[in-house]
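Asks: Here's a sequence, model it:
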Amino acid sequence: MVTRALERGATQLVALRRFFHDGWGDRDVIERFRALARHVPAVEPVEMHWGRPVEGKRAVVLDGEFTSPVVELPEQCRTAHMRLVVPTGGAERVVVLMAAWNEHGYGVRAQLARRLVGRGLATAMLENPYYGSRIPGGDGHPMAAVSDFFVMGRAAALEGQSLLDTLARNGAPGIPASAALGVSGFSMGGNVAAFVAVMSPVPVAAAPLAASYSPAPVFLDGAIRAGIDWEALDDGGGDPEERLRAALADYSVLRLPVPDHTRHAVIVAGREDAYVPAEAAERLHRHWPGSELRWTREGHASLRFLRRPTLIRAILDSFDRKEAAGA
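Replies: As a prediction, this is how the structure comes out:
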């Protein structure tokens with residue numbers, strides 16, 4: 001009963017604040033980024049700036065920032081912000097946790113980070129462009145236009161790629177450069193994590209959680225479609241649903257090469273997930289031969305908030321699978 005109420009409430013919340021209310025936005029950006037999404041980009045090194053560490057009994061927390069490699073971002077959100085949580089005494093494993101849809105700040109992921117600290121794993125959490133401290137201004141949902149979503153998605157993936165490159169080259173406070181690296185995320189964060197995994201400059205453990213291979217089936221076939229401002233997208237240029245599906249379908253992990261380390265990935269999906277269709281998770285799994293797909297009976301919200309041990313186990317097992325193979 002609690003699970004069903006949680007799912008129903010989460011679904012109803014989607015329609016309260018419409019996104020894409022400014023329509024398609026910059027069409028040149030959409031077309032350029034559709035083409036760029038079909039190729040693995042070269043890594044752009046970034047210069048990390050660390051703040052003052054805050055020491056606790058079990059962990060050290062510190063914030064960092066760097067300039068995003070995506071110049072199309074509005075000036076107000078060009079600076080990428082992240083939070084690092086390291087077990088006291090340091091760590092030999094670190095996972096980059098990408099942000100979910102409409103996730104402002106680090107609150108939800110910080111709860112996972114606290115549990116991972118107890119298992120000796122450090123966590124690096126990137127804040128998505130257009131969210132939290134990176135909101136460019138204005139009213140309504142941060143995703144005002146379709147072009148904003150394309151810029152945000154590409155920026156999140158490239159920033160994750162650059163962060164992994166920095167960790168592999170230089171390590172971080174409490175984390176040696178030799179540390180094992182991984183990437184994970186929930187929902188949209190899981191989709192972005194899948195992109196980061198195939199774009200990574202080094203082999204990584206990967207755990208996409210409640211993730212699709214592309215935003216297309218999530219936006220068009222899942223509950224989140226109720227939040228789209230379809231009237232704003234109906235500009236007389238043809239069926240807005242089919243045009244949006246075609247545009248988002250280009251942003252797909254299935255279009256990218258499959259690095260060897262993805263065979264060690266652990267993918268988690270919910271059979272009652274109203275946001276991410278089952279086929280979307282299955283297609284990602286099939287595209288990564290050797291990966292493990294773990295089904296749960298939960299829906300989207302209940303998996304995220306009530307089954308955190310399941311998510312933690314998947315992240316840890318992705319490292320174990322990779323290391324057991326000597327990768």
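
Asks: Span of stretch 192-206 from start to end?
Replies: End-to-end distance for stretch 192-206: 11 Å, by Cα to Cα, to the nearest Å.

Asks: any idea of the mean pLDDT in it?
Replies: Throughout stretch 192-206, pLDDT has a mean value of 97.

Asks: Pull out the buried residues from it.
Replies: Neighbour-count burial for stretch 192-206 flags 192-201, 203-206 (criterion: 16 or more other Cβ atoms under 10 Å). Backbone N, C-alpha and C define where each C-beta goes, glycine included.

Asks: And those, which two are furthest apart?
Replies: Val192 and Pro203 (18.5 Å; Cβ to Cβ).

Asks: if you take the average position of the protein, which residue is closest to it?
Replies: What sits nearest the mean C-alpha location of the chain, by Cα atoms, centre = their mean, is Gly189, with 2.0 Å.

Asks: Please enumerate the strands of the stretch 101-250 of the chain.
Replies: 122-126, 180-186, 205-209 (DSSP state E, counting those that start in this stretch).

Asks: ok and the first one relative to strand 180-186, angle-wise?
Replies: Computed by axes from the mean of the first three to the mean of the last three Cα atoms, to 10 degrees, the angle separating strand 122-126 from strand 180-186 equals 50 degrees.

Asks: May I ask which helix or strand encompasses Val86?
Replies: strand 79-87 (DSSP states H and E).

Asks: give me the low-pLDDT residue ranges for this structure?
Replies: For the chain, applying pLDDT under 70 flags the ranges 1-16, 138-140.

Asks: List the buried residues of the longest helix along it.
Replies: If you go by DSSP state H, the chain has its longest helix at helix 146-170. Buried residues in helix 146-170, counted by 16+ other Cβ under 10 Å: 146-168.

Asks: re the thing from before, in terms of secondary structure, what does the strand holding Val86 contact?
Replies: strand 59-67, helix 107-117, strand 122-126, helix 146-170 (3 or more Cβ pairs under 8 Å, 6 or more residues apart in numbering; DSSP states H and E).

Asks: let's go with 6 Å and repeat that
Replies: On a contact count with 3 or more Cβ pairs under 6 Å, 6 or more residues apart in numbering; DSSP states H and E, strand 79-87 meets strand 59-67, strand 122-126.

Asks: Please name the residues that touch the closest residue to Gly174 other than its chain neighbours.
Replies: Spatially, and ignoring its direct neighbours in sequence, Gly174 is nearest to Val86 (3.8 Å; Cβ to Cβ, 6 or more residues apart in numbering). By Cβ atoms under 6 Å, 6 or more residues apart in numbering, the contact list for Val86 reads Val60, Ala122, Gly174.

Asks: ok, now Val266?
Replies: With Cβ under 6 Å, 6+ apart, Val266 has these contacts: Ala207, Glu292, Ala314, Asp317, Ser318.
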